[in-house]
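Q: What follows is a predicted structure for the sequence shown.
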Amino acid sequence: MNYAVIMCGGSGSRFWPKSRKNFPKQFLRTVGNRTMIQLTVDRINSFIPLENIYMVTNKSHVQNINNQLPEIDNSNILIEPLIKETALFRL
């Protein structure tokens with residue numbers, strides 16, 4: 001059985017002025033009528049069922065996920081206890 005974890009807790013600071021702290025780039029429509037997070041779920045849902053797709057985000061983005069992806073169950077939204085930029089890659 002396959003699972004997916006989508007890291008979507010970022011602040012989108014490098015996409016300013018389009019993105020903002022409470023509405024970062026993953027929740028914006030950059031190409032077409034769907035947002036980046038919606039397009040990501042669309043792509044992986046072709047081979048991973050929705051119940052196996054998890055989102056890792058911070059508390060301030062949960063409502064955006066609920067609004068844009070109502071098909072994702074709240075139990076599949078994992079909230080970071082604090083922002084540590086754990087997915088940040090630095091050279």
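A: Thanks, I have the structure now.
Q: ranges for the helices of the protein?
A: Counting by DSSP state H, the segments of the chain that form helices are 36-44, 62-68.
Q: Out of those, which is the most enclosed?
A: helix 36-44 (a mean of 17; mean count of other Cβ atoms under 10 Å). Quick note: C-beta positions are derived from backbone N, CA and C, even for glycine.
Q: So which elements touch that helix?
A: Packing contacts for helix 36-44, counted by 3 or more Cβ pairs under 8 Å, 6 or more residues apart in numbering; DSSP states H and E, involve strand 4-7, helix 62-68.
Q: circling back: looking at the helices of the chain, spot the one closest to Lys25.
A: helix 36-44 (6.2 Å; Cβ to Cβ).
Q: Please export the C-alpha coordinates of the closest one as PDB.
A: Output of helix 36-44 as PDB, limited to C-alpha atoms (Å, rounded to 0.1, in the frame of the first residue of the first chain):
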ATOM      1  CA  MET A  36      -0.600  24.400  -6.300                       C
ATOM      2  CA  ILE A  37      -1.800  22.100  -3.400                       C
ATOM      3  CA  GLN A  38      -4.900  21.000  -5.400                       C
ATOM      4  CA  LEU A  39      -2.800  20.200  -8.400                       C
ATOM      5  CA  THR A  40      -0.400  18.200  -6.200                       C
ATOM      6  CA  VAL A  41      -3.200  16.100  -4.800                       C
ATOM      7  CA  ASP A  42      -4.700  15.600  -8.200                       C
ATOM      8  CA  ARG A  43      -1.400  14.200  -9.600                       C
ATOM      9  CA  ILE A  44      -0.800  11.800  -6.800                       C
END
